[in-house]
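[1] no sequence for this one, just the structure:
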Ligand SMILES: Cc1cc2nc3c(=O)[nH]c(=O)nc-3n(C[C@H](O)[C@H](O)[C@H](O)COP(=O)(O)O)c2cc1C
C-alpha cells in the first residue's frame, strides 16, 4: 500500500513538510510506503474551463508543461492521498487549489479516479484559518467519493518560521494520530 502526499507550500522544507513527515512516520511504522510531491518551485495554473478533459476522457488535463498530469497519475495509483498546505489568508495556497480543481475535474470525468481512496488534509498555520482551509480540502475529498479518517484533534500544527511546528506538541501528536488512523483504515479497506 502507498500514500502519496502533496505539499502545496512554496517552502519545500517548511512547516507543512515537517507535519507531513510526522504522518509519514506513523504510516511507515505500519509498513505503508510513502511519497512526497512538492508543488513549490512550479508555476501551476488553475483550470482553464476548456472541458477538453471531458471530451477526451484520457485521464489528462490539457494544460501542457507543468507537473499536474504526472501528479494526477500518482494520485490515481495511490491508496491514500494527503493534501498539505500552509494556511494563506484562511485557506490553502493557490497552487494546491489549482491542483484540486484540475485533478478533481479530470478524476470526475474519467469515472472517479480517486473513488474510495483514503484522504487526509494537513495544515500549518501561524494563528488562524486552518479550519476553513481543512474544510476546503475535505470538500474535495468528499466530492471525489474518498474516505476521510479523523485525528485526535483537527489536522493542523501551529508555527510561523520554518521549524516552529516542531514545538507544537499537540499538533505533532495529531499528525501521529492521523497517520495511525489512516493506516488502520487502509488496512481495513484491504480486506
Ligand atoms: C501569504 C501568506 C498568508 C498567510 N496567511 C495566514 C493566515 O491566514 N493564518 C495563519 O495562521 N497564518 C498565515 N500565514 C502563515 C503561514 O501559514 C505559516 O507561516 C506556515 O507555518 C507556513 O508553512 P510552510 O513553512 O509550510 O510554508 C500566512 C503566510 C503567508 C506567506
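    Everything's here; your move. Predicted model only: the values in this text are computed from it and were never measured.
[2] contacts and neighbour counts: CA atoms only from here.
    Fine.
[3] for the residue most central in space within the chain, report the pLDDT, please.
    When CA atoms, centre = their mean is applied to the chain, the residue found nearest the centroid is residue 83 (1.0 Å). Note on residue 83: pLDDT of 99.
[4] again with residue 191
    The model's pLDDT for residue 191 equals 77.
[5] and the residue lying farthest from the centre of the chain, what element?
    Ranked by distance from the centre of the chain (CA atoms, centre = their mean), the top residue is residue 55, with 26.9 Å. If you go by DSSP states H and E, residue 55 is part of helix 52-56.
[6] any idea what the residue nearest to the centre of the chain is bridged to?
    Under DSSP bridges, the beta-bridge partners of residue 83 are residue 6, residue 121.
[7] my guess is it meets residue 7, correct?
    Yes: between residue 83 and residue 7 there is a contact at 6.4 Å, judged by CA atoms under 8 Å.
[8] overlap of the contact sets of those two?
    residue 96 (CA atoms under 8 Å, 6 or more residues apart in numbering).
[9] counting contacts, what elements does the longest helix along the chain pack onto?
    Secondary structure of the chain per DSSP state H: the longest helix is helix 169-190. Under the contact criterion of 3 or more CA pairs under 8 Å, 6 or more residues apart in numbering; DSSP states H and E, helix 169-190 touches helix 15-29, strand 118-125, strand 156-158.
[10] got the contact list for stretch 87-102?
    Stretch 87-102 is contacted from outside by 7-9, 39, 43-47, 61, 68, 83, 85-86, 123-126, 128-130, 132-134, 136, 140, using CA under 8 Å, 6+ apart.
[11] buried only: go through the residues you listed for me.
    By neighbour count, with 16 or more other CA atoms under 10 Å, the contacts of stretch 87-102 hold 7-9, 39, 44, 46-47, 61, 68, 83, 85-86, 123-126, 129-130, 133-134, 136, 140 as buried.
[12] what does the chain put close to the ligand?
    9, 11, 14-17, 86-90, 124-129, 159-162 (CA under 6 Å from any ligand atom).
[13] run the last query once more with 8 Å
    7-18, 85-91, 123-130, 157-165 (CA under 8 Å from any ligand atom).
[14] coming back round to it: in helices, which of the contacts of stretch 87-102 appear?
    Going by DSSP H, the helices hold 68, 130, 132, 133, 134, 136, 140 from the contacts of stretch 87-102.
[15] who touches the residue nearest to the fifth one when sequence neighbours are not counted in this structure?
    Yep, that's residue 134 we're talking about. Distances taken as CA to CA, 6 or more residues apart in numbering put residue 121 closest to residue 134, at 6.1 Å, once the chain neighbours are dropped. Residue 121 makes contact with 82, 83, 84, 134, 137, 138, 155 under the criterion CA under 8 Å, 6+ apart.
[16] tell me the secondary structure for residue 153?
    Three-state assignment for residue 153 (DSSP: H, G, I helix; E, B strand; the rest coil): coil.
[17] any idea how far the nearest residue to it once chain neighbours are set aside is from residue 68?
    Counting by CA to CA, 6+ apart, residue 153 lies nearest to residue 174, which is 5.9 Å off, once chain neighbours are set aside. Distance, residue 174 to residue 68, by CA to CA, to the nearest Å: 29 Å.
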